[in-house]
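Visitor: Dropping the sequence and predicted coords here.
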Amino acid sequence: ELKVEQNPLFLSMQEGKNYTIYCNYSTTSDRLYWYRQDPGKSLESLFVLLSNGAVKQEGRLMASLDTKARLSTLHITAAVHDLSATYFCAVDVANFGNEKLTFGTGTRLTIIP
Amino acid sequence: DTEVTQTPKHLVMGMTNKKSLKCEQHMGHRAMYWYKQKAKKPPELMFVYSYEKLSINESVPSRFSPECPNSSLLNLHLHALQPEDSALYLCASSLLSLRQPQHFGDGTRLSIL
């Protein structure tokens, strides 16, 4: 059974600081996604990582994928309050051509002014 | 605003009621998904439809009955639900490509009395 674990589960950080969220998964996959979810809201796609060594950046967020280590990171640079949300990684294990996403445990990020 | 529209946004029903959740997308996506999300937990996959055919059922109890009448619509019929079924139900869609993210609707918040 695929397991996807994130750490930390909770992260409280000050504005302007840098931090990294880690996503470990237990089976071979070269497709990993990062999503953001605001309280009571839907999931917003942030990044799609499709190969070993993939790095994507958008604003203050940067995601990377190491398929050999089965590890993805989401790095936050100079955090601002608007980044407060829950962040999920999700691993895709294709099942006869169908996407089957398994989500990580989630990291609840709170940015303190 | 999301491109996947779910109705209703909120639903309160008794354990003997029958109700349906509706999901609609007009992005030409040929894969559609139902997820269940409990508070402070990651989404859990329930069903996957591919080209209007059910391709994945994650051992969901029969009191949940999915239906895909056409490529733009996905329904989830509910009957004789239990209090533990109270959750946020998310619909998602994607191109049938393993390189594209799933797009999520805003969800239906379901409460079972």
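Guide: Looks like it arrived, so ask away.

Visitor: all contacts plus neighbour counts: C-alpha atoms, from now on.
Guide: Noted.

Visitor: lowest-pLDDT helix or strand in chain A?
Guide: Across the helices and strands of chain A, the lowest-confidence element by mean pLDDT, DSSP states H and E is strand A:101-103, at a mean of 91.

Visitor: How about the contacts made by residue 46?
Guide: Using chain A here. Contacts for residue A:46 (CA atoms under 8 Å, 6 or more residues apart in numbering or on different chains) come out as A:33, A:34, A:35, A:36.

Visitor: wrong one, chain B
Guide: The contact partners of residue B:46, by CA under 8 Å, 6+ apart, come to B:33, B:34, B:35, B:36, B:56, B:57, B:58, B:59, B:60.

Visitor: and the helix or strand containing residue A:47, which strands flank it?
Guide: When secondary structure is defined using DSSP states H and E, the element that contains residue A:47 is strand A:43-49. Taking DSSP bridges as the criterion, strand A:43-49 pairs within the sheet with strand A:32-37 (antiparallel).

Visitor: how far is the partner strand from where the chain is centred?
Guide: The offset between the C-alpha centroid of strand A:32-37 and the centroid of the whole chain comes to 5 Å, using CA atoms, centre = their mean, to the nearest Å.

Visitor: What are the buried residues along the strand holding residue A:47?
Guide: Going by neighbour count (16 or more other CA atoms under 10 Å in any protein chain shown), the buried part of strand A:43-49 is A:43, A:44, A:45, A:46, A:47, A:48, A:49.

Visitor: Can you pull the residues of chain A lying near chain B?
Guide: Taking CA under 8 Å from any CA of the partner chain as the contact definition, chain A meets chain B at A:31, A:33, A:41-45, A:48, A:50, A:88, A:94, A:97-106.

Visitor: Could you identify the pair within the buried residues of strand A:43-49 that is furthest apart?
Guide: Comparing all pairs in those by CA to CA, the longest separation belongs to A:43 and A:49, at 16.9 Å.

Visitor: I'd guess residue B:23 is in a strand, am I close?
Guide: Yes. Under DSSP: H, G, I helix; E, B strand; the rest coil, residue B:23 falls within a strand.

Visitor: which residues of chain A score low on pLDDT?
Guide: Scanning chain A with the threshold set as pLDDT under 70 gives A:94-98.

Visitor: Please repeat the previous calculation with a cut-off of 90.
Guide: Counting by pLDDT under 90, chain A contains low-confidence residues at A:1-2, A:27-31, A:39-41, A:50-53, A:92-101, A:113.

Visitor: In it, which residue sits closest to chain B?
Guide: In chain A, the residue found nearest to chain B is residue A:42; the distance is 4.5 Å by CA to the nearest CA.

Visitor: and the residue nearest the centre of chain B, what element?
Guide: Centroid-nearest residue in chain B: residue B:34, 3.1 Å away (criterion: CA atoms, centre = their mean). Secondary structure assignment for residue B:34, by DSSP H and E: strand B:31-37.
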